[in-house]
Structure formats: structure tokens, C-alpha cells
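[1] take a look and give me a structure for this.
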Amino acid sequence: MTLSNKRLLVLGIAVLAFVWVFLMDLVGRAGRSHAPPELVKLEYDGKIKASITSMDKQAFTITLTMKVNHLSKDAGKDATKGKEPADGPLVEGLTDKDFFVTEDGRPVPIDKFTSAGRAPIRICLLMDTSQSMQGDRIVAAKKASLALLDLMRDDVDELGLWFFAKNVTEVMPMGDLTRERREQATKAIEAIQLTLGTEMFGCLSQALDKLKGMSGRRIIVMLTDGMPLDLEIAKLTKSVLDRSKEQSIPLYTVGLGPEFARTSSSGGAKVEPAVVLLDRLAAETHGKFLAAPAPDQLKGAFVGIGESLQKEYVLTFRSPNPVEDGITRRVEVAVRNDRSGAKTNTEYPVPGVITTGVGRQASDNPAAETAEGAPFVRIFCTLGVILGFAFVVPFAIGYTGRLWKRLFIHST
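    Residues are numbered from 1 along each chain as shown. I've put the predicted structure just below:
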């Protein structure tokens with residue numbers, strides 16, 4: 001074989017190697033997951049808002065509880081002022097076809113879906129029964145609690161009931177709301193006796209203890225009309241917050257009384273410490289703080305909590321990467337209502353040890369495909385294959401030819 005023929009052979013093999021790598025890359029891209037076309041066509045126009053209110057993780061099976069709201073008419077004004085847009089009415093009637101889940105950018109099928117109004121709610125109700133609740137306050141507290149109880153469904157929802165003043169009393173442990181337990185809770189609320197003290201943190205701590213072994217969506221709703229007198233309030237607050245976050249239990253706090261009339265410090269006005277405390281407990285646990293400056297506002301606050309919880313969506317999926325590699329997973333959910341869309345996200349930790357220094361970064365666009373490797377890695381791999389085909393293969397062919405001649409041709 002002449003030198004020119006050898007050069008042509010090497011060039012041909014190099015071209016063949018390049019075409020081979022290109023075709024394999026196309027096959028790899030085709031095999032990767034892409035978001036459905038419906039998701040790409042969504043308009044994220046700010047008309048709706050999606051929120052993940054709870055996440056329950058059992059091994060690599062993830063259950064998300066979500067609510068979807070229309071944004072209020074003043075959402076645009078709030079955005080220009082740097083405020084979080086206020087939630088409007090809840091969006092009902094969505095199906096599993098309206099939710100799109102990705103984990104680290106990879107689309108994930110929804111295995112189980114519960115539409116709004118059908119998922120059970122589990123409420124642990126904590127009521128302040130201190131002397132400061134006397135008069136119109138305790139009357140309103142009883143009416144509001146019974147109104148919340150009326151919203152709950154027998155043999156579907158679960159209820160736990162606690163009273164706190166100087167002592168903490170577990171009136172009824174968390175369990176299914178049967179007709180008998182409904183009657184028991186009603187009688188206990190109607191027969192409340194006020195005493196001294198406000199053992200709020202003790203009640204929160206004991207309620208969290210009882211809820212620790214339970215799975216699913218769990219809510220603590222706490223009503224109080226003031227601040228506890230604990231000297232270590234900062235330490236106790238941190239302890240409750242840490243445990244609530246660890247157990248994924250949001251705190252819905254309700255403040256009753258004129259001291260809760262002002263909930264922001266706009267204009268330099270002073271905000272009462274009780275407002276700051278209840279707002280922090282709710283905000284840091286993904287719950288909600290509601291103020292009822294007047295007793296007649298309390299029933300509306302309780303009913304609003306119950307209706308909001310009953311109109312949540314629940315979706316369950318299994319992680320596409322069920323490996324304990326120590327890498328935190330990023331979950332994104334896109335929701336559509338007609339042509340309007342909204343996105344929200346959360347993360348969950350995975351046990352294990354990160355064995356490589358290569359991490360993953362999820363795309364902010366749920367329609368984006370999963371990154372399977374950095375571009376420069378592909379370039380080096382391509383060059384390596386080309387060089388391998390261009391030099392190793394001809395060498396192997398030449399050596400094989402010489403060996404063939406020596407063994408068979410020369411021997412004859």
C-alpha cells in the first residue's frame with residue numbers, strides 16, 4: 001500500500017468515526033426526556049399562582065400537597081411595590097393532566113392524583129383557654145372552632161384537640177373524625193373552663209410529639225390572644241420551628257384581640273411582639289398567620305383555613321433517580337389553567353455520600369431537557385474516539401496483515 005493510499009485510509013476512518021459519534025449523540029438526545037408540548041405552550045402571565053404546601057417523603061416516593069390560586073386584581077400593583085402578590089380565589093377543577101412534575105429537570109409521571117376537595121385533612125387544633133380569653137373572646141373562639149369542625153367530614157378527615165393555659169390538656173388525640181368523636185369534641189369545646197397561664201410552647205411541643213410518627217398532610221391550627229410569659233422564648237421558638245420543619249408540619253396561627261390589628265410596620269408604626277411571634281411561626285413553617293382584632297372576625301378566619309385546606313391537590317410520584325447518593329433533589333411543578341401557567345419548586349435531601357465532585361444543576365425552565373454532560377466532555381470524548389479509530393485501527397490492521405503474511409504466505 002502506497003503512502004497516499006494509507007493517508008486516504010486514515011482520513012476515511014477518521015470521517016467514519018466522526019459520523020459514528022454524531023449518530024450516537026443523536027440517539028442519546030432522542031432517548032432523553034422532554035417536557036410535553038402542552039407545557040411548552042403555557043403562558044406564564046401571572047394570572048395564577050401555584051404553591052407547594054406540604055411534601056411527604058417515603059423512601060423515594062414523594063407526595064406533594066399543592067394549592068393553586070387566581071392572583072388578586074391588585075397583583076400587578078403589589079409587584080411594582082416589591083410586595084408578594086396577594087392570593088385570590090382558589091382554582092378548582094384541575095386534573096392530573098394540568099400538572100407537570102420534573103426532578104432535576106427530568107419529567108416524572110404522576111402515579112397518584114387527588115383532586116381538590118377530595119383529599120383528607122388532618123387538623124390538630126390548639127386552643128388558648130387562659131383567663132385573658134374571657135368574655136366575647138371565648139364565645140367567639142367556641143363558635144369559630146365549631147364552624148371549623150362543621151367543615152370537616154366524618155370518616156374522611158382527622159382531628160386532634162388540645163387546650164392550653166397553665167397546664168396542657170390533650171382533649172382528644174389525633175384520629176379519624178367519626179360521629180362519636182365529633183360529639184366528643186363539640187362537648188369539650190362548649191364546656192371550656194378558663195384558668196391562669198399561657199403554656200403555648202408546651203402545647204406546641206407535645207402536639208408535635210404526638211404527630212411525629214404520622215405520615216401525610218398534617219396541620220397545626222393554634223388560637224391565642226397574647227404572648228406566653230416564658231423567659232427563654234427565643235430558645236423555645238427555635239426549638240418549635242426546627243421540629244416543625246423537620247416533620248414538615250405547617251403552623252397556622254390565629255391571633256385574637258386588638259393587639260393584632262396592625263400586622264406590618266409600614267409607616268414606622270410599632271408591631272406588637274405577639275404579632276411578630278405568630279407571624280414567624282407561620283411563615284417559617286409554610287403555614288399562615290391570620291389576625292382577628294375583633295371577636296366577630298374569628299369565625300371567618302377559621303372557616304377560611306378549613307376551606308383552603310379542603311381545596312388542595314395531592315400528587316404522588318416516584319423519583320427517577322432512586323439512589324442514595326447524598327445529592328439534594330430539586331422538584332419543579334408547572335400547573336396550567338386554560339392557557340395560563342404557573343411554576344413552583346421545592347427540594348428534598350437524599351441520604352448517602354457524594355462519591356464524585358460532579359453535581360447536578362436543575363434548569364429553571366421545566367421545558368428544558370436534562371443535561372447529560374458538559375459540552376467540553378463531549379468534545380474530548382469525540383476527539384478520543386476519532387483519534388482511536390484514526391491511529392489504533394490502522395495500526396491493528398497493519399500488524400494483522402504483517403502477521404498473516406508471516407504465518408501463512410511466507411510459510412508456504
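[2] from now on I want contacts and neighbour counts done on CA atoms only, so please keep to that.
    Will do.
[3] what bits of the protein have low per-residue confidence?
    Applying pLDDT under 70 to the chain picks out residues 1-42, 72-86, 230-231, 263-269, 354-412.
[4] quick check: Leu229 touching Met200?
    No: using CA atoms under 8 Å as the test, Leu229 is too far from Met200 to be in contact (9.3 Å).
[5] neighbour count winner among those two?
    Shown here are Leu229 and Met200; by other CA atoms under 10 Å, Met200 has more neighbours (25 against 11).
[6] check contacts around that one.
    With contact taken as CA atoms under 8 Å, 6 or more residues apart in numbering, Met200 is in contact with 128, 164-165, 228.
[7] same check on Glu92?
    Here Glu92 is in contact with 68, 116, 311 (CA under 8 Å, 6+ apart).
[8] check Asn337 too.
    If you count contacts by CA under 8 Å, 6+ apart, Asn337 has them with 48, 94, 98.
[9] any idea which of the residues you listed is closest to Thr344?
    Within the contacts of Asn337, the smallest distance to Thr344 is 11.3 Å, found for Ile48 (CA to CA).
[10] residues in contact with the closest one?
    68-71, 337, 340-342.
[11] turn those into a markdown table, including secondary structure and distance to Ile189.
    Output for the contacts of Ile48, formatted as a markdown table (DSSP: H, G, I helix; E, B strand; the rest coil; distance: CA to CA, whole Å):
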| residue | secondary structure | distance to Ile189 |
| --- | --- | --- |
| Val68 | strand | 33 |
| Asn69 | strand | 33 |
| His70 | strand | 35 |
| Leu71 | strand | 36 |
| Asn337 | strand | 41 |
| Ser340 | strand | 44 |
| Gly341 | strand | 43 |
| Ala342 | strand | 41 |
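[12] who wins for most neighbours among the residues you listed?
    Val68 (25 neighbours).
[13] that residue and Ile220, how far apart?
    Distance of Val68 to Ile220, given as CA to CA, to the nearest Å: 21 Å.
[14] report how many residues lie close to the residue nearest to Pro173 when sequence neighbours are not counted.
    In space, and not counting its chain neighbours, Pro173 is closest to Gly160: 4.9 Å by CA to CA, 6 or more residues apart in numbering. Number of residues near Gly160 (other CA under 10 Å) recorded here: 24.
[15] can I assume Gly160 sits in a strand?
    Yes: according to DSSP: H, G, I helix; E, B strand; the rest coil, the state of Gly160 is that of a strand.
[16] kindly state the beta-bridge partners for it.
    For Gly160, the beta-bridge partners are Cys124 (DSSP bridges).
[17] try Ala291
    Counting by DSSP bridges, Ala291 is bridged to Gly255.
[18] Pro258 against Gln297, yeah?
    No: counting by CA under 8 Å, Gln297 is not a contact partner of Pro258; they are 11.3 Å apart.
[19] run a quick neighbour tally on Ile233.
    The number of residues packed near Ile233 is 14, by other CA under 10 Å.
[20] actually Lys210, not the one I typed
    Lys210: 13 neighbours (other CA under 10 Å).
[21] now it, what's its secondary structure?
    Classification of Lys210 by three-state DSSP places it in helix.
[22] residue contacts, it?
    Counting by CA under 8 Å, 6+ apart, Lys210 has contacts Met174.
[23] can you list the domain ranges for the protein.
    Here the domain parsing of the chain from automatic domain parsing is 3-32+377-409, 37-116+315-348, 122-311.
[24] could you measure from Leu211 over to Ser244?
    With CA to CA as the criterion, Leu211 and Ser244 are 10 Å apart.
[25] next, show the common contact partners of the two.
    Overlap of the contact sets of Leu211 and Ser244 (by CA under 8 Å, 6+ apart) is empty.
[26] higher neighbour count, those two?
    Applying other CA under 10 Å to Leu211 and Ser244 shows that Ser244 carries more neighbours, namely 22 against 18.
[27] backbone phi and psi for that one, please?
    Here the main-chain torsion angles of Ser244 (degrees, to the nearest 10) amount to phi -60, psi -40.
[28] which parts of this structure are helices?
    With helices called from DSSP state H, the chain shows them at 3-31, 37-40, 75-80, 136-151, 179-190, 200-211, 233-247, 273-283, 298-310, 375-387, 393-404.
[29] show me what the fifth one is packed against.
    Contacts of helix 179-190 with other secondary structure elements, assessed using 3 or more CA pairs under 8 Å, 6 or more residues apart in numbering; DSSP states H and E, are made with helix 136-151, strand 168-176.
[30] point out the most buried one among those.
    Mean neighbour count (mean count of other CA atoms under 10 Å) peaks for helix 136-151 among the helices and strands packed on helix 179-190, with a mean of 19.
[31] quick one: it to helix 298-310, angle?
    30 degrees (axes from the mean of the first three to the mean of the last three CA atoms, to 10 degrees).
[32] and the angle for helix 136-151 with helix 179-190?
    170 degrees.
[33] so Leu146 versus Glu183, what's the distance?
    Per CA to CA, Leu146 is found 11 Å from Glu183.
[34] my error: substitute Phe201 in the last question.
    Applying CA to CA to Phe201 and Glu183 gives a distance of 28 Å.
[35] you'd agree Leu278 is up against Thr253?
    Yes: if you go by CA under 8 Å, Leu278 and Thr253 touch, sitting 5.9 Å apart.
[36] what do these two both touch?
    Shared between the contact lists of Leu278 and Thr253 (criterion: CA under 8 Å, 6+ apart) are residues Phe289.
[37] what residues are up against Thr198?
    Counted by CA under 8 Å, 6+ apart, Thr198 has contacts 128-130, 164-166, 227-229.
[38] same list (the residues you listed) but as CSV, adding distance to Asp111.
    CSV is the format used below for these (distance: CA to CA, whole Å):
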residue, distance to Asp111
Asp128, 41
Thr129, 44
Ser130, 47
Phe164, 41
Ala165, 45
Lys166, 47
Met227, 45
Pro228, 45
Leu229, 48
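[39] among those residues, name the buried ones.
    128-130, 164-166, 227 (16 or more other CA atoms under 10 Å).
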